[in-house]
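**Q** Dropping a prediction and its sequence here:
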There are 2 protein chains.
Amino acid sequence: MDAAVSTELDGLSLGANATRERGGQTAEQTETQGQVVKRASSGESKKRVERETKEGIDCRKLENFSSWYQQVVIKADLIELYDISGCYIFRPWSFAIWEKIVEFFDAEIKKLGVQNAYFPLFVSERRLRTEQEHLEGFAAEVAWVTKSGSSELDEPIAIRPTSETIIYPAMSKWIRSHRDLPLKLNQWSNVVRWEFKHPTPFIRSREFLWQEGHTAYADRSEADHEVLQILELYRRVYEELLAVPVIKGTKSDRERFAGGLYTTTVEAFVPANGRAVQGATSHSLGQNFARMFGIYYEGKDSGEKLMPWQNSWGCTTRTIGVAVMVHGDDRGLVLPPRVAPLQVVIIPIITKSASADVISACEAICSCLQRANLRVKFDDRSEKTPGWKFNEWELRGVPLRIEVGPRDVQAGTATIARRDTMEKWSIRVPNHSISEEEDAFAQEIHQTLVRIQTNLFERASAERNARIRCVSDWGTFMQAIVQRCMALTPWCNLNECEERVRQQSVQDSLAYRERLATETDPSATDAVLSGAVKTLCMPFASELERLGLTNAAEWEAPAPEKQCFACNGPARRWALWGRSY
Amino acid sequence: MDAAVSTELDGLSLGANATRERGGQTAEQTETQGQVVKRASSGESKKRVERETKEGIDCRKLENFSSWYQQVVIKADLIELYDISGCYIFRPWSFAIWEKIVEFFDAEIKKLGVQNAYFPLFVSERRLRTEQEHLEGFAAEVAWVTKSGSSELDEPIAIRPTSETIIYPAMSKWIRSHRDLPLKLNQWSNVVRWEFKHPTPFIRSREFLWQEGHTAYADRSEADHEVLQILELYRRVYEELLAVPVIKGTKSDRERFAGGLYTTTVEAFVPANGRAVQGATSHSLGQNFARMFGIYYEGKDSGEKLMPWQNSWGCTTRTIGVAVMVHGDDRGLVLPPRVAPLQVVIIPIITKSASADVISACEAICSCLQRANLRVKFDDRSEKTPGWKFNEWELRGVPLRIEVGPRDVQAGTATIARRDTMEKWSIRVPNHSISEEEDAFAQEIHQTLVRIQTNLFERASAERNARIRCVSDWGTFMQAIVQRCMALTPWCNLNECEERVRQQSVQDSLAYRERLATETDPSATDAVLSGAVKTLCMPFASELERLGLTNAAEWEAPAPEKQCFACNGPARRWALWGRSY
């Protein structure tokens, strides 16, 4: 049974087809498992944090999101700040989350026949300049090495911002015949983009970790198929591992990958501040890079030289930041069980008289859950109070806490607390000489973790869905935007129109802020997001169906009489707009 | 049984205590398994290579080692050259070997409680300068970023050559109390050392991949214990995974890690050119870095500020190059089964009449071995001849080949060929409707792979052992060196003496070359290695015992009357000397 428990959690499906858990159901379910002892109110928790530790979060997520986020990533031991701006240290608590993502994604792409390789960190200026549009997309952010030791290099060498220009000259040597195709490569690596925008841990940093896939196909439709296969894996990383709902779609021309043909994306959303986040992207490069880097192969039928169809696709450590932003609360981090470095923490409530019994009860529970392959820790530190430990593990987001006190030992029970809902209830502890009881107990804990995972996804989906507005004119569009929503609009799909929307939205937001400042409380203007609105994606029809918005055909191509919400020209696509990281 | 097969190979122990296979035994064993059909002679194989493909190695390992190595790493698809000197592309065929090493080592250090993290690629000049001796050890090789986009940075930023100066300032924040110790961190990353020596793929490159462990202990003896625990893991990487024998020992003062207290090492040896290679190092840093970076903690008993004892340890992609150099032969790569991306390749010998039967027999064998978790490929390319395929997979080092022809199908047999010994014999193929037969067949293939792994290690050990000379005077020392051996000597263990040995050995080698040129064939001088001789390590007594050289006590500290082979001062240690990469 041990193996079965672990497999089920690892294979937990949280996609659109997963069994859904309705809002109120969680509390009812826990009542059937035992007595619901207490649901800590937010006020009560705040008091405890302030009383027992100085290390809690000292602001509220909904009141000052940016400060809340900075505090969470540092105080929950995810990040350590570093003395080079825009660079961060990934502490074990966050790196372990990345390892879970790597493990999942790496196994999935290997099933697709992708092979890992490793290409150099450096690229010569000449190579980087080969594809002009591509270079323009990255030029401003490239870091250049010009010296080694005390000598100047003959020519400056760039640090990879991405590796198309590094990998494709090699591909041009490896691809000779149609028999060399498809060629499917991936690397796990660090890349550097010397951004000048405000850095945000995980979300926007000058160095980040990612995987980058680079593939080449003889057949265009197979290449197109892979773009979507990979995008589906990215959806699963977000929805199944991180419990973060995303919307799949195509990027507008303005937002697509520099030098590529089209870009698909999974777009996440942070309800707390109304900003969307590009989750991960899967690009069709068409034959553009093949042409620039001279990648040709001999076809099946003749000696003719053909160009392959190429894709590239990447997913970064940004994933971790998105999960923190979406699930965290005023107590700190809330980790989805599938990626949590620890899933269960066991805390003894020790009094002078009964410490040995309590400790051995905790140890028995701990080994029972370890045998079931759950990630569990017995926090036996004697110098910390139980309250201090509660706060610490809540801050660090451990999904489930088990408390064992002297009365529990006598009654053969323990108290369980869920991090996501803060519910507490009593549970029977197994007699550890009876393996069936132990199995049933481990199974119950496992099922609770599954419920937490499902609940996080459902809760985040409901919050996200409530922030999508279907609008067809400029006035309601801007209203949605200033109210921190995403707007879904019929759109002409023209570059110039998107550019005008960006500019107009900046002006209109400023005007809205000024009106607010005059009409109401001047401090309320802080709540208005500034910055330009852009297209997040043009969602796939199937995604809009998944959102329950309308029928697929209508969304794929709007009715001919529909007009663009912004320029009143003929609408060609439905587009999702918002402010974005 | 499937799982058992795979576990046994994964857990295959090839250390000093493993069951040994004596030189001649292999052929006898294969005869008991079936009829030994043929053992290809070297001349025969050369002819085949030249006739059927232009891609074989066109020089001999023992005649022109350097050219042989360059050809093997490129033609066996391990490396692709790159347009920045000293940087190489790791193709999937070599990266898969690295993945096996990572998988093993990562699991082992996690058992020791080490946690993975990730620290930035960049380090400020100020930090890099904190530890002066450490900086001096790396300063000449540091690559500096001075520009981003088209702007100059305010101050140049270094790319990590190693991460002590990046990690320890963070450790000084994380370590407050004795309860925070031990702290055990590791990262898998790329580092850059802009070397000016002749670059060699895997062995010496400007960027390489590695893991670097960084740990801190309250207790000095626990820290010392860990240095050796990690060194033992490095030994296992070389001996058990790569089948390369190594010697464990301590580095001399001149060769120890810059800024550290002492360095332990596993030293490998390449018999073909007589060069030693530093395999991986595990350093005690003492309290030196703690002092420089202000790492202090509060002790158990009092409020006193104490400094932890620190270690750092690293193992790089050099491992791959060492295995290539040690095991490869004139046909190309020879891969140890435990790290081989493919362990078995199945090649159909097709004639016009019987192709369908042959193919389905190959497919049946392939799925049988896949079910047993062996890494197997059925090479069904119709455009290549069997001979071409034999050459290719021999060049790429696949440990075992299975050939199936029409007569095999009729007889219910297949032909097996070992890459390490080039032996071929006939084997009965299982009836695939009888699962016991399939299990027995998979088990037999698995056992053959185990024998190959053992044979590679034993063969390399015998060759290496034959090249260790115990010498106690300068004349025999230089004789050993010019004959491409390592020399084990009683030594004074003084820095100045090692420096003199380096200088004198360069002069004496030159003189020897000149004498050779006069006395014999001038071209024979190419066979004399140039460059200075240095200490490789001072081997642990237990290692010398493992080599069967003498009794432990004598080697740990030479008899008091022994003199240093070089300066005639009192000998304090036994040292192993050689020319090294």
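**A** That came in fine, so what should we check first? As the structure is a prediction and not an experimental result, all values here were calculated from the model.

**Q** what's the longest helix along chain A packed up against?
**A** In chain A, assigned by DSSP state H, the helix with the most residues is helix A:435-465. In this structure, helix A:435-465 packs against helix A:2-10, helix A:25-33, helix A:318-327, helix A:355-371, strand A:400-404, strand A:413-418, strand A:423-428, with contacts taken as 3 or more CB pairs under 8 Å, 6 or more residues apart in numbering or on different chains; DSSP states H and E. For the C-beta atoms, the positions are set from N, CA and C on the backbone; glycine is no exception.

**Q** Would you map out the domains in chain A?
**A** A:70-121+A:161-327, A:344-464, A:468-579 (the TED database).

**Q** Confirm A:V145 sits in a helix?
**A** No: read with DSSP: H, G, I helix; E, B strand; the rest coil, A:V145 is strand and lies in no helix.

**Q** Now do the contacts for it.
**A** By CB atoms under 8 Å, 6 or more residues apart in numbering or on different chains, the contact set of A:V145 is A:122, A:153, A:156-159, B:143-146, B:159.

**Q** can you list those in TSV and add distance to A:A442 and pLDDT?
**A** Listed next are the contacts of A:V145 as TSV, based on distance: CB to CB, whole Å; pLDDT from 0 to 100:
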residue	distance to A:A442	pLDDT
A:F122	50	98
A:L153	59	95
A:P156	58	95
A:I157	54	97
A:A158	52	97
A:I159	48	98
B:A143	51	97
B:W144	54	97
B:V145	51	97
B:T146	57	97
B:I159	47	98
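
**Q** Can I get the buried part of those residues as one ChimeraX selection?
**A** Selecting only the buried entries of those in ChimeraX, with 16 or more other CB atoms under 10 Å in any protein chain shown as the criterion:
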select /A:122,156,157,158,159 /B:143,144,145,146,159
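
**Q** now, among the contacts of A:V145, which is nearest to B:V326?
**A** Each of the contacts of A:V145 was scored against B:V326 by CB to CB, and A:F122 proved nearest at 29.6 Å.

**Q** Look up how far chain B lies from that closest one.
**A** Remark: distance between A:F122 and chain B (CB to the nearest CB, to the nearest Å) = 5 Å.

**Q** Quick one: the contacts of A:V145 as CSV, columns for distance to A:V191 too.
**A** Conversion of the contacts of A:V145 to CSV gives the following (distance: CB to CB, whole Å):
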residue, distance to A:V191
A:F122, 12
A:L153, 21
A:P156, 18
A:I157, 15
A:A158, 11
A:I159, 8
B:A143, 16
B:W144, 19
B:V145, 14
B:T146, 19
B:I159, 13
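
**Q** tell me how far the ends of stretch A:69-89 are from each other?
**A** 16 Å (CA to CA, to the nearest Å).

**Q** could you give me the average pLDDT of that stretch?
**A** In this model, stretch A:69-89 has a mean pLDDT of 97.

**Q** does any part of it sit near chain B?
**A** Yes: Stretch A:69-89 reaches chain B (CB under 8 Å from any CB of the partner chain) through A:80, A:82-84, A:87-89.

**Q** returning to that earlier point: strand A:400-404 and the longest helix of chain A, what's the angle between them?
**A** Orientation check (axes from the mean of the first three to the mean of the last three CA atoms, to 10 degrees): helix A:435-465 against strand A:400-404 gives 140 degrees.
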